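> Sequence first, predicted model second:
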Amino acid sequence: MNSTTRIKLSFMMFLEFFIWGTWFVTLGTFLATNLGASGPETGSVFSTQSWGAIIAPFIIGLIADRYFNAEKILGVLHIVGAILMYQMYNATDISVFYPYALGYMIVYMPTLALVNSVSFNQMEDPEKEFSTIRIWGTLGWIAAGLLISYFFHWDSQESTTAGLLKNTFLMAGIASLVLGLFSFILPKTPPKVSKDEKVTVSDILGLDALKLLKDRNFLIFFVSSILICIPLAFYYQNANLFLSKIGVDNPTGKMTIGQASEVIFLLFIPIFFKKFGFKKTILVGMLAWAVRYILFAYGNAGELSFMLLIGIALHGICYDFFFVSGQIYTNSKAGEKFKSSAQGLITLATYGIGMLIGFMVAGQITEMYKVGGEENWKMIWIIPAGIAFVVFILFALLFNDKTKSETEI
């Protein structure tokens, strides 16, 4: 890969995740303070991510893979996204905001696969080259949080009260427009499937990989993946609002510690796999969710603030040790024929079904433990900690990785 192409792909990946990190992290705080949204209403807005994840395969499978270059579709989707983001910036009521958020997630979620397609198309050895491009996405997410907290101060209590948090949508919209226009000068990535070739719904959604569920261990992993997304949804939906309400300074900037740890712990996965095997690695990830929420439940913005920072820093273990190791495990079980469809099935199960259920549960629990407009944060965090611990116990008891193929991934 020449240096010009590398720079283009890195900038593309940086903006892709800069956009998401700019508005999604502070979304829960914005909905509660600017639009006065209830817990269930907030859960509904967050669940637009899940609907986007469910619909995305159809956009990729029926359009991107068959008729148009991936970089051109990426450009069009981000330009449309910029328009929708501007409408979200102008919305003053949750009923007006929701349809724009839904529309935005439907056009944004397919771009996550498109940036990967554009990148892979330029690589001779993706296993070695992709990580050096993908890391710019994490850096983009971190940059967004640092700008919001330490440069613009939009998430300070004074700015939040003044309604300045809505500027995150304007910044995301501008970045989306820039990426949309930039996409048209990205390396050409033509369709991979002939427009005359028949593609079924089963192909698009990866349903052929359902055959893997006949394997008892994979079935247990599959169900566990859905269940662990319930506590995960609590973090996405409530973490920024929680930190803001209890008086933590620069909460969005501090949450970037989670992305930094994600980069670090990603390096430890091969070591854990080699020494402890898949089951113990994924169990550490599950247990980390429970520990993180206990730290949130009993920490505070004063002398126990270190508990909150540790909880944020655990994001690397929570995400990498479960989701990344799970993707590797899925790849090892699928075989050549079902590799792509198996990954699609797991994505549908986690970001689609699992997160959809999770945001609904998180919204209801948050509303249930709200008295006089104030959340009982201890209970709001203890409940997902309990769910994560139950999933941990069930997986530990039911999953058997004694076979050579599962211990030597």
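That came in fine, so what should we check first?

> do you know how far the most centrally placed residue in the chain is from Tyr89?
When Cα atoms, centre = their mean is applied to the chain, the residue found nearest the centroid is Tyr351 (7.5 Å). Distance, Tyr351 to Tyr89, using Cβ to Cβ, to the nearest Å: 25 Å. Glycine gets a C-beta too; all of them are placed from N, C-alpha and C.

> in stretch 375-387, what's buried?
Buried residues in stretch 375-387, defined by neighbour count with 16 or more other Cβ atoms under 10 Å: Glu375, Trp377, Ile380, Trp381, Ile382, Ile383, Pro384, Ala385, Ile387.

> If you could redo that for stretch 259-266, that was the one I meant.
Buried residues in stretch 259-266, counted by 16+ other Cβ under 10 Å: Gln259, Ala260, Ser261, Glu262, Phe265, Leu266.

> Could I get the average pLDDT for it?
What stretch 259-266 shows for mean pLDDT is 88.

> The helix or strand where Glu129 lies packs against which elements?
Following DSSP states H and E, one finds Glu129 within helix 126-146. Under the contact definition 3 or more Cβ pairs under 8 Å, 6 or more residues apart in numbering; DSSP states H and E, helix 126-146 sits against helix 3-23, helix 94-120, helix 251-266.

> Would you format these as JSON lines with distance to Cys229 included?
Supplementary listing: these in JSON lines, determined by distance: least, Cβ to Cβ, whole Å:
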{"stretch": "helix 3-23", "distance to Cys229": "17"}
{"stretch": "helix 94-120", "distance to Cys229": "15"}
{"stretch": "helix 251-266", "distance to Cys229": "17"}
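
> for these, which one sits closest to Leu219?
helix 94-120 (25.6 Å; Cβ to Cβ).

> Report the contact partners of the closest residue to Met105 other than its chain neighbours.
Ranked by Cβ to Cβ, 6 or more residues apart in numbering and with sequence neighbours excluded, the top spatial neighbour of Met105 is Gly52, at 3.3 Å. Contacts for Gly52 were tallied using Cβ atoms under 8 Å, 6 or more residues apart in numbering; they are Leu102, Met105, Ile106, Val107, Tyr108, Met109, Pro110.

> likewise Ala143?
So Ala143 contacts Phe14, Phe18, Gly21 (Cβ under 8 Å, 6+ apart).

> Quick check: it vs Gly311, distance?
22 Å.

> burial count for the closest residue to Phe268 other than its chain neighbours?
Among residues not flanking Phe268 along the chain, Asp320 sits closest, at 7.8 Å (Cβ to Cβ, 6+ apart). Neighbour count for Asp320, taken as other Cβ atoms under 10 Å: 24.

> To which secondary structure element type does Met123 belong?
Secondary structure assignment for Met123 (DSSP: H, G, I helix; E, B strand; the rest coil): coil.

> burial count for the nearest residue to it once chain neighbours are set aside?
Of all residues not flanking Met123 in the chain, Glu129 sits nearest, at 4.5 Å (Cβ to Cβ, 6+ apart). Residues near Glu129, counting by other Cβ under 10 Å, number 17.

> now the one 5 residues further on
Neighbourhood size, Arg134 [other Cβ under 10 Å]: 19.

> which of the contacts of Ala143 lies closest to Asn116?
Phe14 (14.4 Å).

> Find me the pLDDT at the residue lying closest to that closest one once chain neighbours are set aside, would you?
Spatial nearest neighbour of Phe14, excluding adjacent residues (Cβ to Cβ, 6+ apart): Gly140 at 3.9 Å. We note a pLDDT of 95 for Gly140 in this prediction.

> how near is Gly140 to Trp20?
8 Å.

> What of Glu375?
25 Å.

> can you check Trp141 too?
The gap separating Trp141 from Trp20 is 7 Å, by Cβ to Cβ.

> More neighbours: the two, which one.
Using other Cβ under 10 Å as the criterion, Trp141 and Trp20 rank with Trp141 on top: 25 against 22.

> residues in contact with the closest residue to Met1 other than its chain neighbours?
Of all residues not flanking Met1 in the chain, Gln122 sits nearest, at 5.6 Å (Cβ to Cβ, 6+ apart). Listed by Cβ under 8 Å, 6+ apart, the contact set of Gln122 reads Met1, Thr5, Leu9, Pro187.

> Mind pulling the model confidence for the first one?
Reading off the per-residue confidence, Met1 sits at a pLDDT of 76.

> tilt between the one helix or strand Ser244 maps to and helix 126-146?
Element membership for Ser244, per DSSP H and E: helix 216-245. If you take axes from the mean of the first three to the mean of the last three Cα atoms, to 10 degrees, helix 216-245 sits at 20 degrees to helix 126-146.

> quick one: Tyr100 and Tyr86 touch, right?
No: the pair Tyr100 / Tyr86 is not scored as a contact, 9.0 Å apart, by Cβ atoms under 8 Å.

> Quick check on Val371: phi, psi?
Phi and psi for Val371, reported as degrees, to the nearest 10, are phi -130, psi 120.

> And for Val248?
According to degrees, to the nearest 10, Val248 has phi -80, psi 130.

> before we move on, the earlier item: state whether the residue nearest to Phe268 is indeed within a strand.
No: checked against three-state DSSP, Asp320 lies outside a strand; its state is helix.

> per-residue pLDDT, it?
85.
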